[in-house]
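Visitor: Sequence and predicted model, in that order:
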Amino acid sequence: MPSPAPFILGVLLTTAAASVVALFVKFDESHVWDLAKMALQGAGVLVLARLTVSWAIDSFKTQKRFERDSATFSSVLSALREMSRANDILWNDVVGARQYVSTYLDAAKERWRVAKLKFEDAAAACIFLPEAISSIVFRLEDDLANKPHFDSYDEDIEHDGALVSQAIRKLEALKHLI
């Protein structure tokens, strides 16, 4: 269904044009003042419309940016928390000698792998976040990708867990920047 706005706008413009023509047909000093008032009102309406549209567009852009930044930040934190939970399971098995079933440990390793992939995907969008936040995320991504080779499995798990926990603490402290 077509919008009635063009029709209504056409009627209003036609009425305004007819009023201006009528003023010129009966020309005297009072009509000049009426014409000047109408011109000023028209200019005022145009300025007000321009300001209103500019404000609405800026408001919309700000809201969309906040939504995008919030979604990116929450995706990063969600992935990091999932990595932390999976790391805790693996750490408890190694250090706590929990003797978990191998299928449970395999599931925890898969959980870590999937969470790390999710983190890497979310980290790509962090370029739009504030510098303080994105630097933490990029640093963690770099540290996890270029970590040293450890002599034992428990050192590897401890290293990853410490990096993730430290990043979570730093990011939660900076959440007010979003």
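Guide: It's in.
Visitor: For residue 69, give me its contacts.
Guide: Residues near residue 69 by Cβ atoms under 8 Å, 6 or more residues apart in numbering: 128-129, 178. All C-beta spots, glycine's among them, are computed from the backbone N, C-alpha and C.
Visitor: cutoff 6 Å now
Guide: 129, 178 (Cβ atoms under 6 Å, 6 or more residues apart in numbering).
Visitor: Relative to residue 128, how far out is it?
Guide: The span separating residue 69 from residue 128 equals 7 Å under the rule Cβ to Cβ, to the nearest Å.
Visitor: same question, residue 59
Guide: On the measure of Cβ to Cβ, residue 59 and residue 128 end up 19 Å apart.
Visitor: per-residue confidence at the residue nearest to residue 127 when sequence neighbours are not counted?
Guide: Nearest non-adjacent residue to residue 127, counting by Cβ to Cβ, 6 or more residues apart in numbering: residue 134, 6.2 Å away. What the model reports for residue 134 is a pLDDT of 91.
Visitor: so which strand or helix has residue 134?
Guide: helix 131-145 (DSSP states H and E).
Visitor: Domains in the chain, by residue range?
Guide: With domains defined by automatic domain parsing, the chain comprises 5-58, 64-177.
Visitor: follow-up on the earlier one: okay, now the residue nearest to residue 127: neighbour count?
Guide: Residue 134 has 17 neighbouring residues, counting by other Cβ atoms under 10 Å.
Visitor: surely it meets residue 125?
Guide: No: at 9.5 Å, residue 134 does not count as touching residue 125 under the criterion of Cβ atoms under 6 Å.
Visitor: now for the protein, which residue lies nearest the mean position of the chain?
Guide: residue 68 (1.7 Å; Cα atoms, centre = their mean).
Visitor: any idea how far residue 158 is from that residue?
Guide: 35 Å.
Visitor: now swap in residue 152 and tell me
Guide: Residue 152 sits 9 Å away from residue 158, going by Cβ to Cβ.
Visitor: In terms of packing, which of these two has more residues around it?
Guide: Neighbours of residue 152 and residue 158, each counted by other Cβ under 10 Å, are more numerous for residue 158; the result is 16 against 9.
Visitor: quick check: mean pLDDT across the host helix or strand of the more buried one?
Guide: Assigned by DSSP H and E, residue 158 belongs to helix 153-173. For helix 153-173, mean pLDDT is 90.
Visitor: same question, stretch 53-62
Guide: 93.
Visitor: Can I get it in CSV? Just the C-alpha atoms.
Guide: What follows is stretch 53-62, C-alpha atoms only, in CSV (Å, rounded to 0.1, in the frame of the first residue of the first chain):
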residue,chain,number,x,y,z
VAL,A,53,16.4,14.6,11.3
SER,A,54,20.1,15.1,12.2
TRP,A,55,19.4,14.4,15.8
ALA,A,56,17.4,11.3,14.9
ILE,A,57,20.1,9.9,12.7
ASP,A,58,22.8,10.6,15.2
SER,A,59,20.8,9.0,17.9
PHE,A,60,20.2,5.9,15.7
LYS,A,61,23.9,5.6,14.9
THR,A,62,24.8,5.9,18.6
